[in-house]
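Trainee: Fold the following.
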Amino acid sequence: MEPRKRIRTTSKVKYNSTVDSKAQHYLNALKVRWMQLHEIPGLFAYQLQDDRLTRKLPGRHGFHVELNSDRSLKRRAPQTIESMRPAFRPNHFNFNKVDDLEVMLTIDDAIDKVEIQMIINKSPLTKYHTVVCPDVKRNLVQRVTAPSLRFCINFLRNVDDPSMRMGYNSPGALASVNHLHFHLLNMPQELYIDNVDLQELAGGYAYRLRKDSPTEALCFVFRAKDDAEQVLEKISNIHRLTEWLCDNNLPHNIFITQQKNSDELRLFVFVREKFCVSKDVTAFNVGFCELAGFIPLADEQKLHNLTEQIVLERIRSISGNAYDAVYEQVQYIVNQPTSESLWQQPFLI
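Mentor: Okay, the predicted model is just below:
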């Protein structure tokens, strides 16, 4: 007897409003819908267990490690993306091909005229793990756009839940699908990235991490008092940076988070010298989660044996010598935003 086929039904609710005024409403609706869908047999690749084995690594920085064997065994095979300028391949998996039931919300952003689909991640890392997909039908490759950045930043700035974080992996930096998307995850744990000290680079909002931090990274700070013009300027400069990184074949990861007990939103950019063509789902990979201090592992023995030193060595091995030139580039972009000859200069180590 053949298995009964699940009937496709449209479940998405469509909203048309400014993100600023409705972000908390969207998040509340998303959480309810995600939990409803998580109970449907066969919709997710696996059921995310509430009692997952976790460990805080001994050491100065306190990396959070979490067992998630199902993700490695049952997730969709990651795509191979071989370029920072990849071509969209409609025959490969993309977010036009998901079941309608997987689309929880569709938001028409009235400011940038961007349609955002909030889609369940069928292989979740955390509760509420959502794929945030801007303008799905335009078939945008996995390369950040200014409107997508603006949506993500405005969304997180206007929700009252610092446990919700966003991330992005570029081609060559653990991206698994070549179709523009960000990740929205529930991470209530205190991560090292929440407490890093910053050293100003430019403009009073562009920083690097202090040298005693476990990783190197750029940090762009958005404050509650920022007006629309200031927010737009910061987003424009971040986008200029990501375009420069792509043009110079430098893979990168983004992590966006609210500062607890503060009015700040921080956007971190991690740059890597080494291009990761494909990911080994059984190994300790390095994407935005790991760089921010949240490390999912597939193997319980690895969870118990992992040390802070191993983590730091792995992260530093992929970062290489990229950052000196990147820090200088950020200063060019922020301090002289109209000088095309400066911010488009080639990358040299």
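Trainee: How about Asp161: what's its closest non-neighbour residue?
Mentor: Distances taken as CB to CB, 6 or more residues apart in numbering place Leu27 nearest to Asp161, at 6.6 Å, with adjacent residues excluded. The way it works is simple: take the backbone N, C-alpha and C, and place the C-beta from them, glycine included.
Trainee: So that neighbour is in contact with Asn158, correct?
Mentor: No - counting by CB atoms under 8 Å, Asn158 is not a contact partner of Leu27; they are 9.2 Å apart.
Trainee: okay, these two: which has more neighbours?
Mentor: Between Leu27 and Asn158, Leu27 has the larger neighbour count (other CB atoms under 10 Å), namely 22 against 18.
Trainee: Which secondary structure state is assigned to the more buried one?
Mentor: Judged by DSSP: H, G, I helix; E, B strand; the rest coil, the three-state class of Leu27 is helix.
Trainee: got a list of what it touches?
Mentor: Residues near Leu27 by CB atoms under 8 Å, 6 or more residues apart in numbering: 155, 159, 161, 164.
Trainee: Gly62 - nearest residue in space that isn't next to it in sequence?
Mentor: Residue nearest to Gly62 in three dimensions, not counting chain neighbours: Lys56, with 5.4 Å by CB to CB, 6+ apart.
Trainee: ok, and what's touching stretch 65-83?
Mentor: Outside stretch 65-83, the residues that touch it by CB under 8 Å, 6+ apart are 45-46, 52-57, 92-93, 122-125, 142, 171-172, 175-178, 277-279, 281-282, 294-300, 303, 306.
Trainee: before we move on, back to that, my guess is the residue nearest to Gly62 contacts Phe63, does it?
Mentor: Yes - contact criterion CB under 8 Å: Lys56 and Phe63 qualify, at 7.3 Å.
Trainee: Looking at those two, which one has more neighbours?
Mentor: Neighbours around Lys56 and Phe63, counted as other CB under 10 Å, are more numerous at Phe63. The numbers are 24 against 12.
Trainee: The more buried one contacts Leu57, correct?
Mentor: Yes - between Phe63 and Leu57 there is a contact under CB under 8 Å: 4.4 Å.
Trainee: Common neighbours of these two, please.
Mentor: Residues touching both Phe63 and Leu57 by CB under 8 Å, 6+ apart: 308, 311.
Trainee: Mind giving me the packing neighbours of the host helix or strand of Glu328?
Mentor: Taking DSSP states H and E as the definition, Glu328 sits inside helix 323-335. If you count contacts as 3 or more CB pairs under 8 Å, 6 or more residues apart in numbering; DSSP states H and E, helix 323-335 packs onto strand 198-202, strand 206-209, strand 218-223, helix 228-247, helix 340-343.
Trainee: I'm done for today, thanks for sticking with me.
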